[in-house]
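with the input below, show me the fold.
(one chain, ligands or ions: 1)
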Amino acid sequence: MKKGLISIALFAAMPLCAQETTTMAIHPQDGKQIIYKEIYGQFAEHLGTCIYGGLWVGEDSPIPNTKGYRNDVLQALKNLKVPVLRWPGGCFADEYHWRDGIGPKENRPRLVNNNWGGTIEDNSFGTHEFLNLCEMLGCEPYISGNVGSGTVEEMAKWVEYMTAEQGSPMAKLRKENGREKPWKVKFIGVGNESWGCGGSMRPEYYGDLYRRYSTYCREYNGNHLYKVASGASDYDYNWTEVLMKNVGHRMNGLSLHYYTCSGWSGSKGSAISFTDDDYYWTLGKCLEIEQVIKKHCAIMDKYDPNKQVGLLVDEWGTWWDEEPGTVRGHLYQQNTMRDALVAALSLNVFHKYTDRIRMANIAQIANVLQSMILTKDDKMVLTPTYHVFEMYKIHQDATFLPFELTTAKKAVRDDRVVPLVSATASKDGNGVIHISLANIDLENDQTIEISLDNLKVKGVSGRILTVNHINDHNTFEQPNMVKPETFNGAKVQNGNLKVVLPSKSVVTLTLD
Ligand code: AHR
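Have a look, this model is predicted:
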């Protein structure tokens with residue numbers, strides 16, 4: 001209580017820092033690390049209207065669709081270049097039995113989704129529907145297997161069903177269900193949040209179960225699996241310690257979940273009505289992910305100095321109160337420019353740690369938490385977060401360029417300090433340099449001087465996402481309130497760049 005009072009007093013006493021020029025010194029020759037495209041991964045759970053209504057409406061729907069997938073959503077996701085899609089959960093995964101979702105639809109059981117609002121799950125979207133969607137989007141599937149309430153045999157046979165070419169009972173069953181060739185499945189999660197909804201386990205016990213379940217996830221016909229152990233929730237460093245010690249190189253990756261929210265009990269606050277203080281606090285909480293990543297990485301480095309085990313932030317994003325009037329337990333929330341800035345700042349952090357971070361999956365792709373897309377009947381809107389992912393797709397598989405950034409900072413509630421400008425830079429396969437910048441300042445533009453060692457910039461073009469009010473968002477009535485525009489605020493001066501970055505904005509620049 002005392003500590004809270006002190007930090008509030010401090011916060012009140014520290015207004016916005018006086019405006020000063022931000023500098024960014026990029027080192028184009030020193031880039032080593034690829035920004036794995038999987039850092040731009042998505043997550044689709046049987047939760048609320050993420051799958052049913054969001055991605056899938058069924059072939060008989062009056063909503064325009066291709067084989068049951070919404071055409072508008074398919075088009076939007078293709079444009080996003082989704083690299084990997086995690087499914088079927090989340091918490092849902094540890095109660096999902098894959099055999100319920102194969103074969104003729106009329107024979108598939110109708111069950112209660114115990115995790116998410118008690119909604120009836122008719123299993124019309126199952127393994128075939130998911131893997132075919134990944135093929136249509138050109139993305140890798142990331143299957144989350146059931147450890148909490150499933151058997152070793154069930155998981156082993158699921159892998160066989162999806163990936164065995166021929167001559168096995170599961171390959172035969174798949175062919176009977178209409179799919180001749182196996183799918184390519186690389187990423188397989190062995191349980192989800194096994195410390196919580198995935199079985200309430202201790203790390204020692206889960207570590208042993210991981211060893212057992214993963215042993216029987218076989219590699220058929222040259223299909224190489226990347227096996228991911230269920231990892232820690234944000235500050236649970238002991239979980240990572242025990243898993244690294246007891247499982248080590250038996251896993252290819254270890255997950256981490258980090259949500260930008262105010263905690264797990266009580267109100268999380270509204271997605272669209274918030275104070276300036278709430279806003280800055282949120283960005284401070286979002287940036288805290290860097291310290292969390294560093295600490296997990298330090299533990300991983302101790303057991304795996306050659307960085308063979310990847311860290312997969314396979315759930316992240318903002319978590320607000322559900323929108324008034326929506327179904328409890330469906331986690332439907334709106335998405336403002338505040339969320340767009342959380343996306344940009346988080347991606348900027350992930351880029352810095354790609355020597356360890358192998359993948360990240362924002363939660364979730366449609367209609368749940370920090371979505372890319374919101375749908376209502378036949379209407380669809382793209383959220384401000386979607387636009388950040390679309391603007392940032394230029395960084396996928398590019399080489400991260402190291403840089404120093406000097407910028408003003410703001411003191412925030414709970415002893416946090418947030419830099420007003422956040423940035424990242426990369427060089428793509430064609431040698432083109434892209435820079436992304438975010439100005440979180442609610443009132444002031446920021447002037448940024450960017451140098452690139454000896455490299456002289458010839459020209460620059462850009463795009464900007466910005467708003468008049470920080471809580472501006474897209475609705476079914478006004479779907480284009482927040483959308484990217486051409487940016488003319490960057491100028492070349494003596495081979496360097498001078499950028500005037502408007503308040504509340506995300507900008508991407510392409511250099512000539
Ligand atoms: O994304 C919503 C839920 O958050 C997931 O199902 C679970 O893994 C996490 O707690």
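
flag every residue of the chain that's near the ligand.
Residues of the chain lying close to the ligand (C-beta under 6 Å from any ligand atom) are 45, 89, 90, 91, 192, 193, 315, 363, 364, 369. The C-beta positions use only the backbone N, C-alpha and C, and glycine is treated the same way.

how close does residue 351 get to the ligand?
Residue 351 is 23 Å from the ligand, where distance means C-beta to the nearest ligand atom, to the nearest Å.

ok, and the closest non-adjacent residue to that residue?
Excluding the flanking residues, the one nearest residue 351 by C-beta to C-beta, 6 or more residues apart in numbering is residue 424, at 4.7 Å.

next one: residue 53
residue 375 is the one closest to residue 53 (C-beta to C-beta, 6+ apart), at 6.0 Å.

now, which of the residues of the chain next to the ligand sits nearest the ligand?
For those, the residue nearest the ligand by C-beta to the nearest ligand atom is residue 90; the value is 2.6 Å.

ok, that closest one - contacts?
Going by C-beta atoms under 8 Å, 6 or more residues apart in numbering, residue 90 touches 43, 45, 46, 47, 115, 144, 192, 315, 363, 364.

save the residues you listed as JSON lines, and put in secondary structure and pLDDT too.
Listed next are the contacts of residue 90 as JSON lines, based on DSSP: H, G, I helix; E, B strand; the rest coil; pLDDT from 0 to 100:
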{"residue": "43", "secondary structure": "strand", "pLDDT": "98"}
{"residue": "45", "secondary structure": "coil", "pLDDT": "98"}
{"residue": "46", "secondary structure": "coil", "pLDDT": "98"}
{"residue": "47", "secondary structure": "coil", "pLDDT": "98"}
{"residue": "115", "secondary structure": "coil", "pLDDT": "96"}
{"residue": "144", "secondary structure": "strand", "pLDDT": "98"}
{"residue": "192", "secondary structure": "coil", "pLDDT": "98"}
{"residue": "315", "secondary structure": "strand", "pLDDT": "98"}
{"residue": "363", "secondary structure": "strand", "pLDDT": "98"}
{"residue": "364", "secondary structure": "coil", "pLDDT": "97"}
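
ok now do residue 198, which residues does it touch?
91, 93, 94, 147, 148, 191, 192, 230.

pLDDT weak spots in the stretch 301-450 of the chain?
Residues of the stretch 301-450 of the chain meeting the criterion pLDDT under 70: none.

what segments of it are helices?
For the stretch 301-450 of the chain, the helices defined by DSSP state H, counting those that start in this stretch cover 337-352, 384-392.

repeat that for the stretch 101-250 of the chain.
127-137, 152-163, 169-176, 203-215, 237-246.

residue 302 is nearest to which of these?
Residue 302 lies closest to helix 237-246 among those, at 7.3 Å (C-beta to C-beta).

which neighbouring elements make contact with the helix or strand following the closest one?
For helix 237-246, the following helix or strand on the C-terminal side (DSSP states H and E) is strand 253-260. Contact partners of strand 253-260 among helices and strands, from 3 or more C-beta pairs under 8 Å, 6 or more residues apart in numbering; DSSP states H and E: strand 226-233, helix 237-246, helix 276-287, helix 289-303, strand 310-318, strand 357-363.

okay, now the sheet partners of strand 253-260, with direction.
strand 226-233 (parallel), strand 310-318 (parallel) (DSSP bridges).

tell me the mean pLDDT for that strand?
For strand 253-260, the mean per-residue pLDDT is 98.

just want the angle from that strand to strand 357-363.
Here the directions of strand 253-260 and strand 357-363 differ by 40 degrees (axes from the mean of the first three to the mean of the last three C-alpha atoms, to 10 degrees).

walk me through the domains of this protein.
4-33+401-511, 37-334 (automatic domain parsing).

roughly how far is the longest one from the heart of the chain?
The chain centroid and the centroid of domain 37-334 are separated by 11 Å under C-alpha atoms, centre = their mean, to the nearest Å.

and the first one, by the same measure?
The chain centroid and the centroid of domain 4-33+401-511 are separated by 21 Å, computed with C-alpha atoms, centre = their mean.

hey, what's the residue nearest to residue 351 bridged with?
Going by DSSP bridges, residue 424 forms beta bridges with residue 436.

so who does it touch?
Going by C-beta under 8 Å, 6+ apart, residue 424 touches 347, 348, 351, 352, 395, 400, 435, 436.

could the residues of the chain next to the ligand go into TSV alongside distance to residue 38?
Formatted as TSV, the residues of the chain next to the ligand follow (distance: C-beta to C-beta, whole Å):
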residue	distance to residue 38
45	18
89	19
90	18
91	22
192	17
193	20
315	14
363	15
364	16
369	19
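
residue 477: which of those is nearest?
Closest approach to residue 477 among those (C-beta to C-beta): residue 369, at 22.4 Å.

now the contacts of residue 90 as a markdown table including neighbour count?
Formatted as a markdown table, these follow (neighbours: other C-beta atoms under 10 Å):
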| residue | neighbour count |
| --- | --- |
| 43 | 26 |
| 45 | 28 |
| 46 | 24 |
| 47 | 29 |
| 115 | 20 |
| 144 | 28 |
| 192 | 30 |
| 315 | 26 |
| 363 | 25 |
| 364 | 27 |
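
just to revisit the earlier point, gap between the residue nearest to residue 53 and residue 435?
Between residue 375 and residue 435 the computed distance is 33 Å (C-beta to C-beta, to the nearest Å).

the two: which has the busier surroundings?
residue 435 (27 against 22; other C-beta atoms under 10 Å).

quick check: that one touching residue 422?
No - judged on C-beta atoms under 8 Å, residue 435 makes no contact with residue 422 at a distance of 11.7 Å.

can you show me the strands along the stretch 401-512 of the chain?
Assigned by DSSP state E, counting those that start in this stretch, the strands in the stretch 401-512 of the chain fall at 403-406, 409-412, 416-419, 421-427, 433-439, 446-451, 460-466, 485-487, 490-493, 496-501, 505-511.
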